[in-house]
Structures are given as structure tokens and as C-alpha cells.
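J.: return atomic coordinates for the entry below.
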Amino acid sequence: MNDGEIVRLFWERDEMAIKHTEAKYGRNLDHLAMKILKNQEDTAECVNDTLWKTWNTIPPQKPTYLFAYIAKICRYIAFGMLDWKNAQKRNAEVIELTDEMQLCIPDPLSNIDLNLESKEIGRLLNIFLSGLSQDKRLIFMRRYWYMDSIHSIAQRYGIKESKVKTTLFRTRNELKTFFGKEGFII
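T.: Numbers count the residues shown, from 1 in each chain. Okay, here's the model as predicted:
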């Protein structure tokens with residue numbers, strides 16, 4: 001069943017929408033949540049919460065790309081669970097990834113209109129990513145969206161870890177320059 005048909009089922013409030021979503025994207029959501037939570041029980045709970053949240057938000061939302069929509073929900077829920085479970089002791093890998101990106105993406109908290117500013121940052125990030133070569137974009141997304149390790153990215157694409165690190169370093173610098181040209185101070 002394609003995404004449009006599944007979204008139609010959500011709009012019709014047909015519970016088969018959840019079953020089809022789980023059948024089509026359940027393994028991907030498990031993988032994504034497990035990368036963040038590193039615990040099978042928490043991962044299962046996160047995926048269930050994702051399906052529940054999807055049921056509650058479609059309608060009124062009508063996503064064009066269903067997996068992108070539910071993956072965003074899954075990441076949000078997983079990071080919320082991680083924050084709750086590790087309130088005082090932070091996960092070093094998540095902190096490392098956040099610190100890497102903090103050096104090249106402007107902080108929306110320093111501006112008055114947070115919602116508008118966040119949307120503009122998202123729009124500019126999409127423009128930046130669409131201008132990258134496919135290889136750079138895939139490496140960047142695997143690292144910062146799917147939270148893959150340097151080692152797993154290198155294995156996935158059959159390249160050396162040093163190439164992955166160099167590509168990420170250069171791409172972050174390009175992103176920082178891009179935001180600077182757009183008037184954002186990093």
C-alpha cells in the first residue's frame with residue numbers, strides 16, 4: 001500500500017492505517033529509535049507512541065511524505081524519552097552530535113520570534129542540503145538525522161572513516177558559511 005492510500009485511511013479514521021504504517025515502516029522506526037534509545041523496551045514504547053501520535057495528528061495534518069512525517073515524530077518522542085531517562089547523566093554520543101551541529105546552525109533561542117526563526121532555519125537547511133552532492137547529503141543525513149556512527153556510515157558506503165570525518169567537517173563548515181551569507185550569526 002502506498003503512502004497516499006495509508007494517509008487516506010488515517011483521514012477516514014480506519015484503524016487499518018496504523019497496521020499498514022507499522023507493516024511498511026515499523027522496522028525503520030525501530031532502527032531509528034534504537035539508535036537514540038539503545039534499549040529494546042524503550043524502542044518498542046517509542047514506536048507505539050509514534051503510531052499513536054500519528055493517529056492523533058492525521059487529520060488535520062496531511063503529510064506528502066509519510067515516512068519523513070512519522071520519523072520526525074519518532075525522533076521527537078525518542079529524544080524526549082532519552083531526556084527523561086537521563087535527566088542528570090547525558091548520553092555522550094547525543095551531546096557530541098549536538099555540539100557538532102551547534103557550531104554551524106544558528107541558535108533560535110537568541111531571537112524574539114522562535115517559531116518563525118525555526119521555520120526559516122529549516123527552510124534554509126533544506127536549500128543547503130539540496131545543493132549538496134548526493135554523497136555528501138547521504139553522509140550528512142546518516143550522521144545527523146539517523147545518528148549513525150562514523151564507522152557504520154563508512155561501512156554502509158564502502159569508504160574509509162577518515163573520508164566520512166573529512167566530508168562531515170567540510171560540510172559543517174560549508175553550512176556555517178551558508179548560514180552566515182543568509183544573515184545568521186553563528
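
J.: please make it C-alpha for all contacts and neighbour counts, starting now.
T.: OK.

J.: give the next helix or strand downstream of the one helix or strand in the chain whose mean pLDDT sits lowest.
T.: Taking all helices and strands of the chain together, the one with the lowest average confidence (mean pLDDT, DSSP states H and E) is helix 92-102, at a mean of 58. Following the chain from helix 92-102 toward its C-terminal end, the next helix or strand by DSSP states H and E is helix 114-130.

J.: from I77, how far off is the spatially most central residue of the chain?
T.: Closest to where the C-alpha atoms of the chain average out (Cα atoms, centre = their mean) is W145, at 3.8 Å. Summarising the geometry, the distance separating W145 from I77, computed by Cα to Cα, to the nearest Å, is 14 Å.

J.: repeat for F169
T.: Per Cα to Cα, F169 is found 28 Å from I77.

J.: those two: which has the busier surroundings?
T.: Neighbours were tallied for F169 and for I77 using other Cα atoms under 10 Å; the higher tally belongs to I77 (19 against 14).

J.: what helix or strand does that one sit in?
T.: Counting by DSSP H and E, the element that carries I77 is helix 66-85.

J.: now for that helix, which elements pack on it?
T.: In this structure, helix 66-85 makes packing contacts with helix 16-37, helix 40-57, judged by 3 or more Cα pairs under 8 Å, 6 or more residues apart in numbering; DSSP states H and E.

J.: out of those helices, nearest to L125?
T.: Put simply, out of the helices and strands packed on helix 66-85 the one that sits nearest L125 is helix 16-37, at 21.0 Å, with distance taken as Cα to Cα.

J.: so the protein: which segments form each domain?
T.: Taking automatic domain parsing as the domain assignment, the ranges for the chain are 3-85, 93-181.

J.: tell me the most buried of the ones you listed?
T.: For the domains of the chain, the largest average neighbour count (mean count of other Cα atoms under 10 Å) is found in domain 3-85, namely a mean of 17.

J.: centre of the chain versus it, how much separation?
T.: Once both centres are worked out by Cα atoms, centre = their mean, to the nearest Å, domain 3-85 turns out to sit 12 Å from its chain's centre.

J.: quick check: I18 vs V7, distance?
T.: Between I18 and V7 the distance, using Cα to Cα, works out to 10 Å.

J.: can you check S162 too?
T.: Distance, S162 to V7, by Cα to Cα: 42 Å.

J.: likewise L82?
T.: Per Cα to Cα, L82 is found 29 Å from V7.

J.: circling back to that earlier point, worst average pLDDT in the domains of the chain?
T.: When the domains of the chain are compared on mean pLDDT, domain 93-181 scores lowest, with a mean of 80.

J.: I appreciate the help and will end here.
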